[in-house]
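Engineer: Dropping the sequence and predicted coords here.
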Amino acid sequence: MLRKMHDRLGLQTDPTIFFVSGGLVLGFVIAAIAFTDLIDSIFTAARDWLLTSLGWFYILGVTSFLIFLIWIALSRFGHVRLGGADEKPEFGTATWFAMLFAAGIGTILMFWGVAEPISHFANPPRRDVEPESLAAMEEAMGFTLYHFGLHTWTIFCLPALAFPYFVYKRGLPMRVSSIFYPLLGERIHQWPGKAIDILAVIGTLFGVATSIGLGTLQINAGLNSLFGIPMGKPTQVILIAVITLIAIGSVMMGLDKGIKRLSNINITMAVGLLIFIFITGSTLYLAKGIIETTGTYLEWLVPLAFWTDASDVNPGWQGNWTVFYWAWTITWAPFVGIFIARISKGRTIREFVGGVLALPTAFSIVWFSIFGLSSFDIERNQEGTLVQEVVEENDIPGALFAFLENFPLTTFIASISVLIVVIFFTTSSDSASLVVDMLCTGESEAGPVRQRVFWAALEGVVGATLLAAAAGTNGLDALQQVITVIGLPFFLIGFVMIYSLVKALNEDHVPTGKPVRERKHADLN
């Protein structure tokens, strides 16, 4: 039956993965709208149990992934090329960085650039630190960079490394199930593999929908600041609808004309905003602060990588911040991973891991140093009101715009900031629809436009549902509780990725580093 429907619609995909994934997600949307309180209570109970019982596993998991990536980049496998032995990268380093950054955490930096540092400054994660003190400043930057530095990009890098190896070196389909080949063999093409891919599609859709939800909250806050457009669910649903239409337009333009062009424009605008804050703010203080904050991050990195709040110093803090971040990030790691794999063919494992971990982390350090330290400077030396507006009034989405009121050309810069968030929103949705389509087709090239349009529209529908229907009145809480639950299976998949990748590398490469499979092909020729 699914095959007949597939053929009538003129699709070019795997009918089972496409229709079951889409059907389950649509079923959730309908259930969330029809049984809001029930769905809310289920996800709330599940999230509370996970945070109490398995929060430590989320922390340990990401740190384990980071240690593995550092090891494999420095190992004898570091020179292995993701593609043919003489394959050259399709995109230059600058364009490659812009595309992976825009698809990765561009929206996150805009949303949390001011909100997280000022939140930790006012309410330090550890209760023995005095709020709004110099110690609180250091702790705020340490935790913020822990959340958005190497650990975040580790979650993206692991699947992004595994996918191209199995796809480009072994010729397997562009699907999450291909990573399980060392365990499942040819069964990746049967129901076990299809079940894995269906889970990956659903997780990707919810992960991207969470990002879309956060972006929408911030766009709404910006428009409220600029034009008095009311904050609320009706406005946010309309915003999601409008921007999803923009994303669909980008989808129809394709990778080179759509995502590539938007990514380059957006990273240029984001860097421009960063430079503006640096020049018009306390420039000397920020210049010195970037260097100092880099040291703070290095000092705090190892302790925080293993910190599980075992002493229960601040109950609930780690679940609301760190565990939420890791769970959210890992759900859309298949999306970012496959997208990065798609644009990274031809790079060596060492070059790939170094680039994906180091370049975005360095940019994040500069970004949060400038926005975070500027926020502290406004509060401590300029009689600012950021703590009151962002923390006491709980206006997290409006943090950036409250911050910009302390700089010249406020209206113009705030308008540019809204546009940056809109484009980041668009590139995330655009990239995700391309990747979800790949998960269904198993091909590295884009399928028919109608398929990608369907996924882009569904992402918008899920984002609107999570904000408007799934969990009462607090949109941010709704996003947090749903994604924390959905993220758990993907941590388990992460450990399978490590096992499969190491097993495949050992099978395919002798100690001298010469690929076994390539040598066999040479013998046949």
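Structural biologist: Nice, thanks for sending it over. Numbers count the residues shown, from 1 in each chain.

Engineer: give me the low-pLDDT residue ranges for this structure?
Structural biologist: When the per-residue scores of the chain are filtered using pLDDT under 70, the ranges that remain are 100-106, 254-260, 262-263, 312-314, 444-446, 469-480, 510-525.

Engineer: quick check: longest helix of it.
Structural biologist: helix 36-74 (DSSP state H).

Engineer: which strands and helices sit next to it?
Structural biologist: helix 150-164, helix 283-305, helix 317-318, helix 324-331, helix 349-381, helix 475-508 (3 or more Cβ pairs under 8 Å, 6 or more residues apart in numbering; DSSP states H and E). The way it works is simple: take the backbone N, C-alpha and C, and place the C-beta from them, glycine included.

Engineer: and the angle from the first one to helix 324-331?
Structural biologist: Relative orientation of helix 150-164 versus helix 324-331 (axes from the mean of the first three to the mean of the last three Cα atoms, to 10 degrees): 10 degrees.

Engineer: Restrict the helix or strand that helix 150-164 is followed by to CA atoms and write it as PDB.
Structural biologist: The element immediately downstream of helix 150-164 (helix or strand, assigned by DSSP states H and E) is helix 181-184. This file holds the C-alpha atoms of helix 181-184, laid out as PDB (Å, rounded to 0.1, in the frame of the first residue of the first chain):
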ATOM      1  CA  TYR A 181      26.600  -2.000   9.400                       C
ATOM      2  CA  PRO A 182      29.400  -3.600  11.500                       C
ATOM      3  CA  LEU A 183      26.700  -4.800  13.900                       C
ATOM      4  CA  LEU A 184      23.700  -5.500  11.600                       C
END
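
Engineer: For helix 181-184, name the packing helices and strands.
Structural biologist: So helix 181-184, by 3+ Cβ pairs under 8 Å, 6+ apart, packs with helix 475-508.

Engineer: centre of the chain versus the helix it packs on, how much separation?
Structural biologist: Relative to the mean C-alpha coordinate of its chain, helix 475-508 is positioned 13 Å out (Cα atoms, centre = their mean, to the nearest Å).

Engineer: Among the helices and strands packed on helix 36-74, which comes closest to Gly232?
Structural biologist: With distances scored as Cβ to Cβ, the stretch of those nearest to Gly232 is helix 475-508 (9.5 Å).

Engineer: coming back round to it: now do the buried residues in the longest helix of the chain.
Structural biologist: Of the residues in helix 36-74, those scored as buried under the neighbour-count criterion (16 or more other Cβ atoms under 10 Å) are 36, 39-40, 43-44, 46-47, 50-51, 54-55, 57-59, 61-66, 68-69, 72-73.

Engineer: Would you enumerate the residues in contact with Ala115?
Structural biologist: Residues near Ala115 by Cβ atoms under 8 Å, 6 or more residues apart in numbering: Val390, Ile396, Pro397, Ala399, Leu400.

Engineer: Spell out which helix or strand contains it, please.
Structural biologist: Ala115 belongs to helix 106-122 when elements are defined using DSSP H and E.

Engineer: Val20 is nearest to which of the helices and strands packed on helix 36-74?
Structural biologist: If you check each of those against Val20 by Cβ to Cβ, helix 475-508 wins as the nearest, at 16.2 Å.

Engineer: so what secondary structure elements neighbour that closest one?
Structural biologist: Packed against helix 475-508, as judged by 3+ Cβ pairs under 8 Å, 6+ apart, are the following elements: helix 36-74, helix 150-164, helix 181-184, helix 191-227, helix 324-331, helix 333-343, helix 449-468, helix 516-524.

Engineer: Same list (those helices) but as CSV, adding distance to Ala136.
Structural biologist: Below are those laid out as CSV (distance: least, Cβ to Cβ, whole Å):
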stretch, distance to Ala136
helix 36-74, 22
helix 150-164, 22
helix 181-184, 47
helix 191-227, 25
helix 324-331, 20
helix 333-343, 32
helix 449-468, 31
helix 516-524, 55
